[in-house]
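J.: Test case, fold it:
(4 chains)
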There are 2 protein chains.
Amino acid sequence: MQHKRRKNSVTIKDIAAEAGISYATVSRALNNRPGVNKDTKFRVQEAAERLGYSPNAAARSLVTRQACALALVIPDITNPFFPEVARGVEEAAARAGYSVFLCNTNWNGKKELSFLSLFESRRIDGLILASSNDNGTIAEKFAQTCLPLVAISSFARDIQCNQVIIDDVRGGYLAGCHLLEHGYKRIAFIGGLEGTQATKERFSGFLKSLAEAGIEIDPELCRYGSFTWKSGYHNTLKLLNMAGRPDAIFAANDLLAMGVMQAADELGLNIPGDLAVIGFDDISFASYPRVCLTTIAQPKNKLGQVAAELILTELKEGQKKEFSKIVLAPELLIRRSCGCS
Amino acid sequence: MQHKRRKNSVTIKDIAAEAGISYATVSRALNNRPGVNKDTKFRVQEAAERLGYSPNAAARSLVTRQACALALVIPDITNPFFPEVARGVEEAAARAGYSVFLCNTNWNGKKELSFLSLFESRRIDGLILASSNDNGTIAEKFAQTCLPLVAISSFARDIQCNQVIIDDVRGGYLAGCHLLEHGYKRIAFIGGLEGTQATKERFSGFLKSLAEAGIEIDPELCRYGSFTWKSGYHNTLKLLNMAGRPDAIFAANDLLAMGVMQAADELGLNIPGDLAVIGFDDISFASYPRVCLTTIAQPKNKLGQVAAELILTELKEGQKKEFSKIVLAPELLIRRSCGCS
DNA sequence: TTGTAGGCGTTATCAT
DNA sequence: ATGATAACGCCTACAA
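T.: Now for the predicted structure:
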């Protein structure tokens, strides 16, 4: 079967013919430009309706040089953190009449970079980037395109572009303080990949809280891996089998914290009775009664919204001379895993 | 500050000037069309590279009438079922050089419909629709646009369009059989919204398994609500406080099943000792040790991939005369909530 | 208030 | 193998 070309759609010229006027006027009428007679405008709208006219976005962007589209680049939509961000972005964009391209990089730097040429080609208006590359080398390349860009989530902080981030240091500090207030003394830390921005900053905030309490951390109690519950599980097993085992653990995200719980369960340790745990993120399952994890909540949806709005206003008002850096505050969300109530 | 127009980007005309040839030839060279001298082609590519050329997608779509973009319409990217589907769609699309617009409807029929005009305007090549509207009235409107369309997930089965679905009836049947094999006799059913396709079909398969075992269901044991764990929780509470309370529950999705577990926990009932539970979906948290839910797994990622590929081949080979209806098989995934091992 | 015409960056169809 | 040139559908001066 032959490939059928899409049926020719109706254009403003068709409308012009139908309404018996020039198509320039049709364009004006349809775009609510001033200086169009009230009832020619009415006739135009009526004709457009009748003919089932739909403006051709490609033609329009060709002349306006605007795609009315943003791109959202994230490592993995399957990770419970990102869907909420994505939803925030989508909502804010839709409200402003913008569409959003979903770009899932699968933690693959090459794929992430490959999106770049796509964006240039599509003349995307702006992009929101949660880079899979933590040291910012990829983000830097994106920044060089001059495309309105906002980087979100964790990555090298010194990169030159707009940023909307969570105050990870403060989050770590809050976590540490909460544990300390409960009287825990021997607190362990389980991070994601070592050297990673999120891990480092959450850890440093945590350290600060310890320092304020006059506690020096035992390096034995600091373990790293990846942001998965398996990693949290294995590290906890090791921690719990040590001579002087910890009485509390700060896990750098909720997935890790769930791994902590799993390990404790297996060893017959009660949470929070024998071991306290605090996480980071507040993914939806943290609130599930069988988990009931006390955690440092990130405003994920807001993160997405703010990021999108930042770009949108920049699109409207022109790029600023300086880059914006918006930092959102994390919040302690108390549930049961630390011994409260 | 004035709005700065995006800097004029380099076009094939610039390349033509640079290489000293006509821009028609440049176009040919860049698109690997036959009939271009080998080293003019080389010169063109070289010039393009040097000038930092990036083709203008809008201009191209204007003439080719292809946007090289799909749209993915889903009710809520935050629901753990959809991110996996989205990932499947994105991967398949990206492999074929297509981008995907993320359209989150928030279970809002109006917003869902509003996307329609957007798609027409953008001349989307095809769309994948998980309608929020279960009876198919919205999907029908989408189908009328003549846009290559594939409907996924649950909805009225008789609607005229391509479909990629999970065999919900079989899923329900598998669930029922598994419970029956364990010797449970008084099995309850907790669905989502009553009348909803997923709920109905999963229930009917479940009924069939009971019928084969010569068991007639007690209407008292069938409860409905919404696909949330709260709903599962409340319904289970009622079920468990009945005179002849069930010894097993088939929850029409995993979220509901988690609510079941929560209620059982609260009443001090052991799972699976005092009450067996089986779910549907296999969301990632079903495998978490503290949940360990036996469930009917849906191939979510595959669902997305197959849907995207279906559209993509239709785009390549032209629309078929008949609509495709691909039904994917669900699978029993045994964990601990029914008493196995 | 309305019409004319040029241009946005490509692809495609003619010639040459 | 290459070059003109006409679309594609729309916006926008500029002219009337």
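
J.: what about A:A71, which SS state?
T.: Assigned by DSSP: H, G, I helix; E, B strand; the rest coil, the conformation of A:A71 is strand.

J.: Just grab the bridge partners of it for me.
T.: A:F101, A:L127 (DSSP bridges).

J.: Surely it is in contact with A:F115?
T.: Yes. Using Cβ atoms under 8 Å, A:A71 is in contact with A:F115, at 7.1 Å. Every C-beta, even on glycine, is put in place using the N, C-alpha and C of the backbone.

J.: neighbour-wise, which of those two wins?
T.: A direct count of neighbours by other Cβ atoms under 10 Å in any protein chain shown for A:A71 and A:F115 places A:A71 higher, at 26 against 22.

J.: if we can go back for a sec, can you pull the residues that touch both of A:A71 and A:F115?
T.: A:C103 (Cβ atoms under 8 Å, 6 or more residues apart in numbering or on different chains).

J.: Now do the same contact list for A:G279.
T.: A:G279 touches A:251, A:253-254, A:256-258, A:286, A:293-296, A:337, counting by Cβ under 8 Å, 6+ apart.

J.: okay if I get the residues you listed as TSV plus neighbour count?
T.: Listed next are those as TSV, based on neighbours: other Cβ atoms under 10 Å in any protein chain shown:
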residue	neighbour count
A:A251	33
A:N253	28
A:D254	29
A:L256	30
A:A257	30
A:M258	29
A:A286	23
A:L293	27
A:T294	25
A:T295	30
A:I296	29
A:S337	26
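
J.: Distance of A:L127 relative to DNA strand C?
T.: Distance, A:L127 to DNA strand C, using Cβ to the nearest atom of the strand, to the nearest Å: 20 Å.

J.: Model confidence at that residue, what's the number?
T.: For A:L127, the pLDDT comes out at 95.

J.: Wait, it touches A:L72, no?
T.: Yes. A:L127 is in contact with A:L72 according to Cβ under 8 Å; the separation is 7.4 Å.

J.: Show me how the record splits chain A into domains.
T.: Per the record, chain A has its domains at A:7-54, A:69-166+A:300-328, A:168-298+A:332-338, by automatic domain parsing.

J.: Quick one: low-confidence residue ranges for the stretch 101-250 of chain A.
T.: Where the stretch 101-250 of chain A drops to pLDDT under 70, the residues are A:154-156.

J.: try 80
T.: A:154-158 (pLDDT under 80).

J.: And the helices in it, which stretches?
T.: For the stretch 101-250 of chain A, the helices defined by DSSP state H, counting those that start in this stretch cover A:109-122, A:137-144, A:168-181, A:197-212, A:229-240.

J.: so which of the ones you listed is the most packed in?
T.: With neighbours defined as mean count of other Cβ atoms under 10 Å in any protein chain shown, the helices of the stretch 101-250 of chain A peak in mean count at helix A:168-181, which reaches a mean of 23.

J.: Can you name every helix or strand that that one contacts?
T.: The contact analysis (3 or more Cβ pairs under 8 Å, 6 or more residues apart in numbering or on different chains; DSSP states H and E) places helix A:168-181 against strand A:187-190, helix A:197-212, strand A:248-251, strand A:276-281, strand A:295-297, strand A:331-333.

J.: To DNA strand C, which of those lies closest?
T.: Closest of the helices and strands packed on helix A:168-181 to DNA strand C is helix A:197-212, at 37.1 Å (criterion: Cβ to the nearest atom of the strand).

J.: Mind giving me the packing neighbours of that closest one?
T.: helix A:168-181, strand A:187-190.

J.: Report whether the expected contact of A:A257 with A:Y233 is present.
T.: No. With contact taken as Cβ under 8 Å, A:A257 and A:Y233 are classed as non-touching, separated by 10.5 Å.

J.: coming back round to it: present the helices of the stretch 101-250 of chain A as JSON lines; the columns should include distance to DNA strand C.
T.: What follows is the helices of the stretch 101-250 of chain A, written out as JSON lines (distance: least, Cβ to the nearest atom of the strand, whole Å):
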{"stretch": "helix A:109-122", "distance to DNA strand C": "8"}
{"stretch": "helix A:137-144", "distance to DNA strand C": "20"}
{"stretch": "helix A:168-181", "distance to DNA strand C": "42"}
{"stretch": "helix A:197-212", "distance to DNA strand C": "37"}
{"stretch": "helix A:229-240", "distance to DNA strand C": "46"}
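
J.: Let me have those helices in a markdown table, extended by distance to B:G97.
T.: Below are those laid out as a markdown table (distance: least, Cβ to Cβ, whole Å):
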| stretch | distance to B:G97 |
| --- | --- |
| helix A:109-122 | 9 |
| helix A:137-144 | 20 |
| helix A:168-181 | 37 |
| helix A:197-212 | 33 |
| helix A:229-240 | 35 |
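
J.: Give me every residue in chain A lying close to DNA strand C.
T.: Counting by Cβ under 7 Å from any atom of the strand, chain A comes close to DNA strand C at A:21-25, A:28, A:34-37, A:40-41, A:59, A:62-63.

J.: Identify the residue with the minimum pLDDT among those residues.
T.: Among these, A:G35 has the lowest pLDDT, at 87.

J.: Where does the stretch 151-300 of chain A get nearest to DNA strand C, residue-wise?
T.: For the stretch 151-300 of chain A, Cβ to the nearest atom of the strand, closest residue to DNA strand C: A:C161, 25.1 Å.
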